[in-house]
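Visitor: Model the structure of this input:
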Amino acid sequence: MIKAIVTDIEGTTSSISFVHDVLFPYAKEHMADFIRHSNTLSDESQQEVNSQLDEVARLSGISRGDTDALIQQLLDWIDEDKKATPLKALQGMIWQQGYQQGDFVGHVYKDAADHLKQWHDQGIDLYVYSSGSVNAQKLIFGHTEYGDLTPLFKGYFDTKIGGKREVESYQKIINEIGVKGDEILFLSDIEEELDAASLATMNVSWLIRINDSRMSICEAAKKYLVARDFSEIEV
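Guide: Just a heads-up that it's a prediction; the model follows:
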């Protein structure tokens, strides 16, 4: 019996194109100004920016005092789609401003919104696991055309718990949720993530959305249960 569902975002609940064609370019366009003018933010936000820049410096080996080089490193990481935790945190802060200013709304597929609501009403605990920061996850679900979906979720996980292709990450999530692995269903469009979750004893379902997918349904079905949208997911 499935007691909890953990869902990916990009390519699963939301379009890959929204992330790559809207969110990433927006963060890239605003990154330099956001960092250079972080002194205009609240004290708490300034401290968060400084903390993340400290981590960028540590990971890259760039001097903490070389702001231009740190900014360039962040821009390079965006181009590389690097899953660096400080990059994801800073992107999330920039996106928060974009959502608040009405520059865009979070994209969520209607079938995903409908079934997340249905599963929540059935008493299934819902969680998100994405390489984007927890803050960014809450923003995308908090500003959708279907309203604020964040009350549907019991918790959120990002790369602070570990990489999405690492078995240990899913074992930690199982422990955090507090039920057996085979009572959890993980949803993703990435084979390596499904492999890791499956090895951690979770049930998995492979989302193969026609517009976003890089894998054929026939090939994927040889390995895992496949769904073209949330209406085809067996719970």
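
Visitor: Run a quick neighbour tally on V108.
Guide: For V108, the neighbour count with other C-beta atoms under 10 Å is 22. C-beta coordinates here come from the backbone N, C-alpha and C atoms, glycine included.

Visitor: And F186, by the same measure?
Guide: A count of nearby residues for F186, using other C-beta under 10 Å, gives 26.

Visitor: show me the residues around it that make contact.
Guide: Counting by C-beta atoms under 8 Å, 6 or more residues apart in numbering, F186 touches 5-8, 129, 170, 193-194, 197, 202-205.

Visitor: Give me the contacts around the host helix or strand of V128.
Guide: Per DSSP states H and E, V128 falls inside strand 125-129. By C-beta under 8 Å, 6+ apart, the list of residues contacting strand 125-129 from outside reads 3-9, 116, 119-120, 137, 141, 152-158, 161, 164, 169, 173, 177, 186.

Visitor: Give me the subset of the residues you listed lying in strands.
Guide: Among the contacts of strand 125-129, DSSP state E puts A4, I5, V6, T7, G155, Y156, F157, F186 in strands.

Visitor: filter the contacts of strand 125-129 to the buried ones?
Guide: Using 16 or more other C-beta atoms under 10 Å as the burial test, these include 4-9, 116, 119-120, 137, 141, 152-153, 156-158, 161, 164, 169, 173, 177, 186 as buried.

Visitor: Nearest to E80 among the ones in strands among the contacts of strand 125-129?
Guide: E80 lies nearest to F157 out of the ones in strands among the contacts of strand 125-129, by C-beta to C-beta, at 22.6 Å.
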